[in-house]
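>>> Okay, here's the prediction I keep looking at, along with the sequence it came from:
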Amino acid sequence: SPRNHEAPRVCSSSLTMPVCGQSLLGVFATIADPRGRRGRRHDLAGVLAIATAAVCAGASSLVAIAEWAADVGRDLLATSGLLRPGRRVPSESTIRRILQALDADELSAMVGAWLLARDATRWKGRMVVAVDGKTLRGAKTRDMAAPHLLAAVTRGGIVAAQHQLPAKTGEIAALPVLLESLPRSKIVVTADALHTQRSTACTLTGQGHDYVLTVKGNQPRLRTALKALPWKNIPAHHSTTTGHGRRVRRTIKVCQVPDWIDWPGARQVAQLRRTRTIDGRKTVEVVYLITSLDARQTSPADLADLIQSHWGIENRLHWVRDVTFDEDRHQLHTGHGPAVMATLRNTAISLHRLAGAVSIAAALRHHSRDPLRPLQLITQP
């Protein structure tokens with residue numbers, strides 16, 4: 001029931017198995033409340049649900065969230081199970097204090113598990129996640145660097161997990177922590193050249209996962225070895241895409257890993273050439289790849305598709321948060337507030353994608369016109 005605010009706590013081992021038929025409001029009810037028991041006027045689950053519903057309707061700041069809740073009114077919020085009967089609508093300051101005190105990683109893990117249970121997109125029966133980082137520039141202060149978040153996004157555009165990097169910690173060290181929030185079943189992880197590290201490859205294969213990694217200048221010896229392979233003698237697979245005034249031709253060549261290339265779990269290497277034509281101007285980029293997927297699992301066309309879907313994380317997540325939600329100008333600085341707000345945006349994007357939205361901006365406008373629409377996203381199983 002959407003009004004069940006007394007659901008039992010869910011331990012970390014159950015994050016990959018959300019309760020069947022549970023609504024997102026029910027998931028919020030399992031998250032640890034950081035507040036003391038005295039003086040609680042609003043349920044944590046209700047405040048989180050109100051904030052998420054408001055973001056689903058296009059609210060891009062805490063003030064906008066509070067204004068949306070006030071416009072909806074306490075009667076409808078109470079009827080939907082987001083507010084105790086007779087309570088006032090939470091103010092902006094109340095919402096701010098609660099979001100700043102929350103454990104952002106726990107929130108992301110719990111919501112991500114719930115979303116993944118509803119994401120049916122698979123590649124040859126396996127889940128594929130693209131891993132990439134993003135800095136919250138608007139949260140930078142004179143005394144504190146801007147928070148940096150590492151996210152894992154599925155091929156369906158669902159944000160499966162997000163982790164805020166501790167101070168002075170890079171993405172490489174944060175990746176194993178991010179993986180702890182993902183299902184234990186074998187997944188395929190795609191990542192950019194920053195994560196092309198022996199330690200990363202060992203971690204992934206050690207957990208039974210597969211990887212597709214880009215090789216660039218941060219691995220000079222490996223890149224030199226791949227560049228020296230006899231690519232001209234290897235058959236090529238071609239594909240061409242057009243749109244937005246540009247034409248991109250991709251040519252990929254794949255071969256088994258030579259014995260003299262020592263890389264943990266590697267089975268295939270590839271050369272990918274992208275020829276991009278925009279307004280008659282042509283540019284060519286050549287990158288090299290290394291993967292633990294073997295030829296029986298992955299054809300050259302499959303490998304090219306995995307790489308292309310990885311680059312989509314910029315357009316399907318980061319661009320939407322920056323442009324549609326104006327995230328880079330959002331100046332929430334204190335506590336876990338910036339990471340929690342980023343998780344709410346991820347959740348809104350994912351909910352709209354699960355509902356079949358192609359344009360997130362259009363989905364936000366659609367849900368802003370009727371408060372019942374975002375409320376249903378939160379309260380329906």
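Sure thing, it's come through.
>>> Going by C-alpha atoms from here, please, whenever you check contacts or count neighbours.
Will do.
>>> So which helix or strand of this structure has the lowest pLDDT on average?
Across the helices and strands of the chain, the lowest-confidence element by mean pLDDT, DSSP states H and E is helix 319, at a mean of 85.
>>> so after it, what's the next helix or strand?
Using DSSP states H and E, the helix or strand that follows helix 319 towards the C-terminus is helix 337-354.
>>> and the helix or strand that that next one is followed by, C-alpha only, in CSV?
On the C-terminal side of helix 337-354, the nearest following helix or strand under DSSP H and E is helix 360-368. The C-alpha coordinates for helix 360-368 follow below in CSV (Å, rounded to 0.1, in the frame of the first residue of the first chain):
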residue,chain,number,x,y,z
ILE,A,360,12.7,13.8,-21.1
ALA,A,361,11.9,17.5,-21.6
ALA,A,362,8.6,16.6,-23.1
ALA,A,363,7.9,14.1,-20.3
LEU,A,364,8.5,16.8,-17.7
ARG,A,365,6.1,19.2,-19.4
HIS,A,366,3.5,16.4,-19.7
HIS,A,367,3.7,15.6,-15.9
SER,A,368,3.8,19.3,-14.9
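>>> Now find how far off-centre the next helix or strand after helix 360-368 is within its chain.
Following the chain from helix 360-368 toward its C-terminal end, the next helix or strand by DSSP H and E is helix 372-379. In terms of CA atoms, centre = their mean, to the nearest Å, the centre of helix 372-379 is found 21 Å from the chain centre.
>>> Which residues does helix 372-379 contact?
The set of residues that contact helix 372-379 without belonging to it, under CA atoms under 8 Å, 6 or more residues apart in numbering, is 2, 23-25, 49, 52-54, 56-57, 80, 351, 367-368.
>>> Dump that helix to CSV, restricted to CA.
As requested, C-alpha coordinates have been extracted for helix 372-379 and formatted as CSV (Å, rounded to 0.1, in the frame of the first residue of the first chain):
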residue,chain,number,x,y,z
LEU,A,372,-1.7,13.1,-10.4
ARG,A,373,0.7,12.0,-13.2
PRO,A,374,4.0,12.3,-11.1
LEU,A,375,2.2,11.1,-8.0
GLN,A,376,1.2,7.9,-9.9
LEU,A,377,4.8,7.3,-10.9
ILE,A,378,5.8,7.3,-7.2
THR,A,379,2.9,5.3,-5.7
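>>> Could you measure from Val269 over to Ala130?
Going from Val269 to Ala130 by CA to CA, to the nearest Å gives 19 Å.
>>> go on, Leu351?
To Ala130, Leu351 is 18 Å away according to CA to CA.
>>> now do Val47
Here the distance between Val47 and Ala130 works out to 30 Å (CA to CA).
>>> more crowded one of these two?
In terms of neighbours (other CA atoms under 10 Å), Ala130 is the more surrounded of Val47 and Ala130; the figures are 26 against 23.
>>> Which helix or strand contains that one?
strand 127-135.
>>> Please name the nearest non-neighbouring residue to the residue most central in space within the chain.
Central residue check for the chain by CA atoms, centre = their mean: the C-alpha nearest the mean position is that of Val159, 3.0 Å away. Counting by CA to CA, 6 or more residues apart in numbering, Val159 lies nearest to Val153, which is 4.5 Å off, once chain neighbours are set aside.
>>> Just the element for that neighbour, please.
strand 148-154.
>>> likewise Ala301?
Under the criterion of DSSP H and E, Ala301 resides in helix 300-313.
>>> how much does that helix deviate in direction from strand 127-135?
Orientation note: helix 300-313 sits at an angle of 30 degrees relative to strand 127-135 (axes from the mean of the first three to the mean of the last three CA atoms, to 10 degrees).
>>> what residues does helix 300-313 touch?
With CA under 8 Å, 6+ apart as the test, helix 300-313 has contacts from 129-132, 153, 155, 157, 190-191, 212, 237, 252-254, 272.
>>> So which of those is the closest to Trp123?
Here the nearest of the contacts of helix 300-313 to Trp123, counting by CA to CA, is Arg155; it sits at 8.4 Å.
>>> That closest one: neighbour count?
The burial count for Arg155: 21, using other CA under 10 Å.
>>> And Arg267, by the same measure?
With other CA under 10 Å as criterion, Arg267 counts 17.
>>> That one is in contact with Val254, isn't it?
No. With the criterion set as CA atoms under 8 Å, Arg267 and Val254 do not qualify as a contacting pair; they are 10.5 Å apart.
>>> Look up how far Leu377 lies from Leu62.
Using CA to CA, which is the criterion applied here, Leu62 is 20 Å from Leu377.
>>> again, but for Val248
Val248 sits 37 Å away from Leu377 when distances are taken as CA to CA.
>>> now Gly125
Gly125 is 27 Å from Leu377, where distance means CA to CA.
>>> Give me the more crowded residue out of the two.
Relative neighbour count places Leu377 above the other of Gly125 and Leu377, with 22 against 10, counting by other CA under 10 Å.
>>> Can I take it that Asp262 is in a strand?
No. Looking at Asp262 with DSSP: H, G, I helix; E, B strand; the rest coil, it is coil, so not inside a strand.
>>> So it versus Ala225, what's the distance?
10 Å.
>>> show me what contacts the residue of the chain positioned farthest from its centre?
Taking CA atoms, centre = their mean, the residue of the chain most remote from its mean C-alpha position is Asn233, at 39.0 Å. Applying CA under 8 Å, 6+ apart, we find Asn233 in contact with no residue.
>>> what pLDDT does it get?
In the predicted model, Asn233 carries a pLDDT score of 94.
>>> Give me the contact list for stretch 182-198.
16, 113, 126-132, 160-161, 171-172, 207-216, 218-219, 263-264, 306-307, 310.
>>> what bridges to the residue nearest to Val159?
Beta bridges link Val153 to Ala130, Val159 when assigned by DSSP bridges.
>>> So what touches stretch 120-129?
Contacts to stretch 120-129, defined as CA under 8 Å, 6+ apart, come from residues Ala152, Val153, Thr154, Arg155, Gly156, Ala160, Lys186, Ile187, Val188, Val189, Thr190, His310.
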